[in-house]
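1. Sequence unavailable; structure follows:
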């Protein structure tokens, strides 16, 4: 009898904790796109592309959508200049990040992509990785 009470008590505690903290849910589409993009971006870390400069956004708070659009624009430039083995990773990142864009976003206080500082690929890569992780 005591064993049944203990078992039911444990089950009740688990149910209460699940109700209070929530059961783990499946990842959202946004989370899946971000994780896939970060993974693909990690595979591009060592590409040799020191001859191009990329506009690298640094305004990450209020202008997430503008920052995202700028990174996408620069990724399309990168896509034209990477070796074939890396091209698919860039295409995957662009495809996933397109899913995150809000077509209705407009904020006139956000600066244009071309007004950002130009950086070499390693710095661009680092900034973009940090930005995606912050999302």
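-> Yes, it's here. Only a predicted model underlies this, so the values are computations on that prediction, with no experimental measurement involved. Numbering: from 1, shown residues only.
2. Can you identify the element that follows the helix or strand bottoming out on mean pLDDT in the chain toward the C-terminus?
-> Of all regular secondary-structure elements in the chain, judged by mean pLDDT, DSSP states H and E, the least confident is helix 2-21 with a mean of 63. Scanning forward in sequence from helix 2-21 by DSSP states H and E, the next helix or strand is helix 29-43.
3. what comes up buried for that following helix?
-> Within helix 29-43, the residues that qualify as buried are 33, 34, 36, 37, 38, 40, 41, counting by 16 or more other Cβ atoms under 10 Å. In short, each C-beta sits where N, CA and C put it, glycine included.
4. What is it packed up against?
-> Based on contacts counted as 3 or more Cβ pairs under 8 Å, 6 or more residues apart in numbering; DSSP states H and E, the elements that helix 29-43 packs against are helix 84-100, helix 121-134.
5. Put together CSV for those, with distance to residue 75 on each row.
-> Output for the helices and strands packed on helix 29-43, formatted as CSV (distance: least, Cβ to Cβ, whole Å):
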stretch, distance to residue 75
helix 84-100, 5
helix 121-134, 8
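6. Can you lay out the ones you listed as CSV showing mean neighbour count and mean pLDDT?
-> Converted to CSV, these look like this (neighbours: other Cβ atoms under 10 Å; pLDDT from 0 to 100):
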stretch, mean neighbour count, mean pLDDT
helix 84-100, 16, 92
helix 121-134, 17, 91
